[in-house]
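Asks: coordinates only, sequence not included:
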């Protein structure tokens, strides 16, 4: 015997170590992919948070009596467009075809949990939280979008209505930050 590969037990140990090294290398790649996925979701939710901040500012503007009904109607159109953009972000945010902020690009339900294999054993996994639904329905702002889209004629977006939706937007921001 001149080397370990000539010895059956040495060969078995070498093969096991080579398999472990390959598995650990793949686990590192999986971890890097999981980090990338998380960063994409976080950046998208950061933009959604910015949208909700702007919506809140617009509600404060609409809630004051120095804003005319025509001004509120214009603000309502802006709010509706912003919330439509919030939904577009939820639809389009994906990693390798996996929609991250809602169930699917076509559906608005909750996203399922994702599992990342981080080691060579069955239990070596990390899971994301299920239930992320970072769209208007999941964030509870679909009523605001409806009221804003109806304008002042339906009475849903007058000064009192705008004040009433401030808490809704605060709650949406808290929910989004919880997922982040």
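Replies: All right, it came through fine. For clarity, every value in this text was computed on a predicted model and none was experimentally measured. Residues are numbered from 1 along each chain as shown.

Asks: Show me where the chain has its strands.
Replies: Taking DSSP state E, the strands of the chain run over residues 94-95, 98-99, 115-117, 125-127.

Asks: To what extent is residue 88 buried, counted in neighbours?
Replies: Applying other C-beta atoms under 10 Å, we find 11 residues neighbouring residue 88. For the C-beta atoms, the positions are set from N, CA and C on the backbone; glycine is no exception.

Asks: top helix in this protein by residue count?
Replies: Criterion DSSP state H: the longest helix present in the chain is helix 8-63.

Asks: what sits against the residue most central in space within the chain?
Replies: Closest residue to the average C-alpha location of the chain: residue 101 at 3.7 Å, with C-alpha atoms, centre = their mean. Counting by C-beta atoms under 8 Å, 6 or more residues apart in numbering, residue 101 touches 41, 44, 45, 48, 89, 90, 93, 111, 132, 133, 134, 135.

Asks: wait, doesn't the third one sit right on residue 175?
Replies: No - here residue 45 lies out of contact with residue 175, judged by C-beta atoms under 8 Å, at a distance of 10.4 Å.

Asks: low pLDDT regions in the chain?
Replies: Counting by pLDDT under 70, the ranges of the chain that qualify are 1-6, 151-156.
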